[in-house]
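>>> Take this sequence and fold it.
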Amino acid sequence: MVAQQTRDYELVMILNPESTEDETAAIVERVKGIIVESGGNVTNHDILGLRRLAFPLMNFREGNFAQMNFVSAPSTIVDLNKSLVSSEDILRFLLTRI
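Residues are numbered from 1 along each chain as shown. Next comes the predicted model:
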């Protein structure tokens, strides 16, 4: 059996600014759960708070920013990407390999 290689990733999300702190924390925990269920390991996560956007995004001038570092197999990133795209609470995200 061949062990699958894991890689380090960083995920930055812009969340709906109208959501409360509890709702924002719940969204981050939901994404964290998706990563852990697929066999990944979250090493660090941080909610950066409400910040002004450089340009309007879906008629919002501000967004709640959240950042997460994790280790996962490359094959699970496709499922994570689909989950992030389909979420209505996540306005925009950037997933990069470190």
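
>>> alpha carbons only for contacts and neighbour counts from here, please
Will do.

>>> who touches residue 39 in this structure?
Going by Cα atoms under 8 Å, 6 or more residues apart in numbering, residue 39 touches 72, 73.

>>> can you do 10 Å?
By Cα atoms under 10 Å, 6 or more residues apart in numbering, residue 39 lies in contact with 6, 33, 71, 72, 73, 76.

>>> That one and residue 28, how far apart?
Look at residue 39 and residue 28: by Cα to Cα, to the nearest Å, they are 17 Å apart.

>>> now the helices: where do they sit in the protein?
Using DSSP state H, the helices of the chain run over 21-37, 77-86.

>>> mind checking which of the ones you listed is nearest residue 60?
Counting by Cα to Cα, residue 60 lies closest to helix 21-37 out of these; the figure is 16.0 Å.

>>> In CSV, could you pull the C-alpha coordinates for that closest one?
Output in CSV follows, covering the C-alpha atoms of helix 21-37 (Å, rounded to 0.1, in the frame of the first residue of the first chain):
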residue,chain,number,x,y,z
GLU,A,21,-19.4,36.5,15.7
ASP,A,22,-21.1,33.2,16.6
GLU,A,23,-22.2,32.6,13.0
THR,A,24,-18.7,33.4,11.7
ALA,A,25,-17.2,31.0,14.2
ALA,A,26,-19.7,28.3,13.1
ILE,A,27,-18.8,28.8,9.5
VAL,A,28,-15.1,28.4,10.3
GLU,A,29,-15.8,25.3,12.4
ARG,A,30,-17.9,23.8,9.6
VAL,A,31,-15.0,24.3,7.1
LYS,A,32,-12.6,22.9,9.7
GLY,A,33,-14.9,19.8,10.1
ILE,A,34,-14.9,19.2,6.3
ILE,A,35,-11.0,19.2,6.3
VAL,A,36,-10.8,16.9,9.3
GLU,A,37,-13.5,14.5,7.8
